[in-house]
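Trainee: Predicted model follows, preceded by the sequence.
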Amino acid sequence: MSGSRQVEFTVGTPALDEQGQPFVAPLGVELRDTGEFEMTGHFDEMFGGEPMLINIGPQHPATHGVLRLVVELEGETVRRCIPHIGYLHSGFEKLGEYRQYNQIIPLTDRTDYLAPMANNVCLALAVEKLMGLEITERCQVLRVVACEMSRIISHLVWLGTTGIDLGAYTPFLWAFQERERAYNLQEAWTGARLTTSVTRVGGMMADVPEGWEDALGRYCSAFPSTLDEVDSMFTRNSIWCGRTQGVGAMSAGEAINWSLSGPMLRASGVDYDVRKDRPYLDYDTYDFDVPVGEHGDIYDRYLVRMEEMRQSVRILNQAIVRLKRLRGAPINVSDPRVILPPKSRAMSDMEAMIFHFKQVMEGVKPPAGEAYLGIENPKGELGYYFVSDGTAKPVRWRIRPPSFLNLAALPRLCEGALLSDVIAINASVDIVMGEIDR
Amino acid sequence: MSAAAVLPSPSAQALRDAFGAGIERVTVSCGDTIVYVSRERIHDVLAWLKETPEQDFNYLTDLTAVDYRDTERPLEVVWQLRSLTRKADLRLKVTLDKRASLELPTCWDLWRGADWLEREVFDLFGVTFTGHPDLRRILMWETYQEGFPLRKDFPLRGHFSRAEQTRQALAVNPEAHYSLEELSIADAHRNLPQDMRERLRRGERGGPE
């Protein structure tokens, strides 16, 4: 190589002079007197003293939907975080007042769309509580399977997206692969991957097909090995620990005061699980543990959710045995005012046809009254509160959305955290905007 | 349903003993106890239920409101309380005459979880919670003018026609993203264009003139 060369040039841009002739106008910065920028004060006062306004979302992948955060920063530290929600508001509660009870089930699919089967179960249980209906044994087992599959699916999405938010791409692919396998099972059962609408008041839309229990058994034996792989990637990973331990922590007393529920509450050390403490379906006959954290930070929420998936597998394995034992047992209550008669009877029997007609035209009619029923959804306690005036459409259908209440604590969790922690904390809350905005 | 299921929760009798006429009536529906409280005493009752060790209702499960189809029937505001330690539930209600002012004291000072729940009831039913630190609309946008969507006098498709709703949506000022409170952070307000600052000074907040 020959010696280096020096080239002098002026940075310019084409322009017109005063006579209208083109010329190259030089570009540059005028040298300013630097006297006023002398660093006499403290560094923070010079550069960090002035608060700054940052807008995150609503269209930003790290906000997990259409959440918008306005963050007031001092340097890189969050002084205040103001969430804005409502971008996905669909008026589900209002719509429900214009629908028969069974017609509301498709709406529940679309609230927490990561756990549609669990929402379906909650609706059916709430209406059954309103009517005082006792469902069949096989129906209870099927609903437990639906709830626990939803928990696995929802936690897998949480695991994958949180990993991405913190810079880990590979576990996302593993988690979503397992989720797809679970969706295949859902599809074989209900015909839909996402909008399942699997329950009906008093029973189920469909029984599982022949051989489905074995497919679920194979899933339950293969799935934990993926969890082990994710576990080996995250649990003792120094980057993961550094980004999550001690970040976004909340004490047990505070978590209760903020009405947190689900893994958020249990990570803070509160041993409360609706499945154990207010048993619904036949959860009290299953053998499973409820993981509880102690620090209430993101890392503990991660550990709690990982363990919950393993416990769900345990419950599913017990449910498979019961499903096989109850093969052929009825899934619907034998009450023609609630459940449609078989098509063959509706076409041949006068009475059955009348029931069919009244069911389709009028719908299920609970007595006047009101009922609140909460179940342990993947994200926390999902509660449906129905007020009935004795007609076929509810006066009020209230959704107690777990991630709405968990997200409400976000400003408190973010106080004093770094901007990059806001993303991690928001991911750890496990929000789903369909449910928050409803 | 068994006889035990229809008996009201023992907390209802304890409330009657402690508050007398402040407790209007007690009913049971589907096994859940519902206590109707006068609006004057509701904050005292909630605080008593939370602080008394024998009650220990430390968890606010839900806070919502019910508007009945019968236009004469008052609006009901509903608190679902739970004691995580005793594993007990209680539902409290206050009835509000829709023709009078819809005002209640906040319970934000007892449970921080009431923050967004009260904002939602304010947003969708128009009930004002006095003492709430930040009572703004939450699901609907701040300049929403059609009223309170979950009230029964609110039609399913809204008060305004589709054309009017479209006109308003198109008339929204796309620059008015931030609330005035947020604009006070840093120099966001000073950095806005002159005409925008002028419009904000006149009180324009996006939406129609």
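Mentor: Sure, I can see it. Numbers count the residues shown, from 1 in each chain, chains lettered A, B, ... in the order given.
Trainee: so after the lowest-mean-pLDDT helix or strand in chain A, what's the next helix or strand?
Mentor: Across the helices and strands of chain A, mean confidence by mean pLDDT, DSSP states H and E is lowest for helix A:43: a mean of 50. Tracing the chain past helix A:43, the next element assigned as helix or strand by DSSP states H and E is strand A:52-56.
Trainee: Angles on the backbone of the residue nearest to the spatial centre of chain B, please.
Mentor: Nearest residue to the geometric centre of chain B (CA atoms, centre = their mean): residue B:121, 2.6 Å. When read as degrees, to the nearest 10, the backbone of residue B:121 gives phi -60, psi -40.
Trainee: For the closest residue to residue A:177 other than its chain neighbours, give me its contacts.
Mentor: Distances taken as CB to CB, 6 or more residues apart in numbering or on different chains put residue A:226 closest to residue A:177, at 7.6 Å, once the chain neighbours are dropped. (C-beta placed from N, C-alpha, C; glycine too.) In this structure, residue A:226 makes contact with A:174-175, A:177-178, judged by CB atoms under 8 Å, 6 or more residues apart in numbering or on different chains.
Trainee: mind checking how far residue A:226 is from residue A:259?
Mentor: Residue A:226 is 33 Å from residue A:259, where distance means CB to CB, to the nearest Å.
Trainee: secondary structure class for the residue nearest to residue A:177?
Mentor: helix (DSSP: H, G, I helix; E, B strand; the rest coil).
Trainee: What pLDDT is listed against it?
Mentor: Looking at residue A:226, its pLDDT is 92.
Trainee: now the one 5 residues further on
Mentor: pLDDT, residue A:231: 90.
Trainee: That one touches residue A:307, doesn't it?
Mentor: No - counting by CB atoms under 8 Å, residue A:231 sits too far from residue A:307 to count as a contact (10.2 Å).
Trainee: Looking at those two, which is more packed in?
Mentor: residue A:307 (18 against 15; other CB atoms under 10 Å in any protein chain shown).
Trainee: residue contacts, the closest residue to chain A within chain B?
Mentor: Chain A sits closest to residue B:113 of chain B, with a gap of 2.7 Å, by CB to the nearest CB. Contact partners of residue B:113, counting by CB under 8 Å, 6+ apart, are A:257-260, A:405, A:408, B:60.
Trainee: Which of these are buried, as a ChimeraX select command?
Mentor: Remark: buried members of the contacts of residue B:113, expressed as a ChimeraX selection using 16 or more other CB atoms under 10 Å in any protein chain shown:
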select /A:257,258,259,260,405,408 /B:60
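Trainee: Would you mind checking which of the contacts of residue B:113 is nearest to residue A:73?
Mentor: Lowest distance from residue A:73 to the contacts of residue B:113 (CB to CB) belongs to residue A:408, with 21.4 Å.
Trainee: out of everything not next to it in sequence, what's closest to the closest one?
Mentor: residue B:116 (4.0 Å).
Trainee: Contacts for the helix or strand the one you found falls within, please.
Mentor: Assigned by DSSP H and E, residue B:116 belongs to helix B:114-125. Contacts to helix B:114-125, defined as CB under 8 Å, 6+ apart, come from residues A:93, A:259, A:404-405, A:407-408, B:60, B:62-65, B:67, B:75, B:77, B:102, B:106-108, B:127-129, B:132-140, B:148-151.
Trainee: was I right about residue A:246 contacting residue A:300?
Mentor: No - when contacts are counted by CB under 8 Å, residue A:246 is not listed as touching residue A:300 (10.1 Å).
Trainee: Can you pick out the residue with more neighbours from those two?
Mentor: residue A:300 (24 against 12).
Trainee: Which residue, neighbours along the chain excluded, lies closest to the more buried one?
Mentor: Per CB to CB, 6+ apart, closest to residue A:300 is residue A:293, 3.1 Å.
Trainee: Quick check, pLDDT for residue B:35.
Mentor: pLDDT, residue B:35: 92.
Trainee: show me what contacts it?
Mentor: Here residue B:35 is in contact with B:11-12, B:15, B:23, B:26, B:90-93 (CB under 8 Å, 6+ apart).
Trainee: What is the subsequent helix or strand relative to the helix or strand encompassing it?
Mentor: According to DSSP H and E, residue B:35 maps onto strand B:32-37. As assigned by DSSP H and E, the chain's next helix or strand after strand B:32-37 is helix B:42-51.
Trainee: Any figure for the gap between the closest residue to residue A:96 other than its chain neighbours and chain B?
Mentor: Among residues not flanking residue A:96 along the chain, residue A:397 sits closest, at 3.6 Å (CB to CB, 6+ apart). Separation of residue A:397 from chain B (CB to the nearest CB, to the nearest Å): 10 Å.
Trainee: Just give the number of residues close to residue 100.
Mentor: No chain was given, so I picked chain A. For residue A:100, using other CB under 10 Å, the count is 20.
Trainee: wait, chain B
Mentor: When neighbours are counted by other CB under 10 Å, residue B:100 registers 9.
Trainee: Many thanks, I have nothing further to ask.
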